[in-house]
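>>> kindly generate the corresponding structure for this input.
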Amino acid sequence: MPKKELSKSDKKENKHFFKDFKAELKRVIWPTPKQLVNNTVAVITIVLITAIIVFVLDLVFRSVNKYGINQLKSVVGTYQEEHQNKENSNNESNEEANNEQTNSNVTDTNTTVDNTENR
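Okay, the predicted model is just below:
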């Protein structure tokens, strides 16, 4: 494809743009070297302070989370042990009651069988 040739008005617009651009850059108030150093030091200092704060907060939250998780595990473990102990004691009570009921049923059956034989 052949390159599109710029018209005279397009060339004038480009020329005008670059002239305006150069004029704007001349109007900019550039910082002195001392201001540049001061501003750079201020930015770096703020960034470092922010990084230190984030690092400390990260350590605090990590330790709280670790302690909190371990504490939660111990509480849940204790609850589970208590629940299992209650369940085991309930099961033992139920088994004893069932054994007594079975023994009484067997005794009743034996009595019934004996009574039937005696007739």
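>>> so what does K34 have for phi and psi?
phi -70, psi -40 (degrees, to the nearest 10).
>>> and the pLDDT at it?
K34 is assigned 98 on the pLDDT scale.
>>> and what of the one 4 residues further on?
With respect to pLDDT, N38 scores 98.
>>> same question, the one 5 residues further on
Predicted confidence (pLDDT) for V43: 98.
>>> one more: N91?
Per-residue confidence (pLDDT) for N91: 70.
>>> tell me how many other residues crowd it.
N91 sits with 10 neighbouring residues when counted by other C-beta atoms under 10 Å. For glycine as for every other residue, the C-beta is placed from the backbone atoms N, C-alpha and C.
>>> give me the element it is part of.
For N91, the host element (DSSP states H and E) is helix 33-118.
>>> please report the distance of the residue with the shortest distance to the centre of the chain from V56.
When C-alpha atoms, centre = their mean is applied to the chain, the residue found nearest the centroid is N65 (10.2 Å). As for N65, its distance to V56 is 15 Å (criterion: C-beta to C-beta, to the nearest Å).
>>> ok, E81 next?
38 Å.
>>> let's verify W30: helix, strand, or coil?
Under DSSP: H, G, I helix; E, B strand; the rest coil, W30 falls in the coil class.
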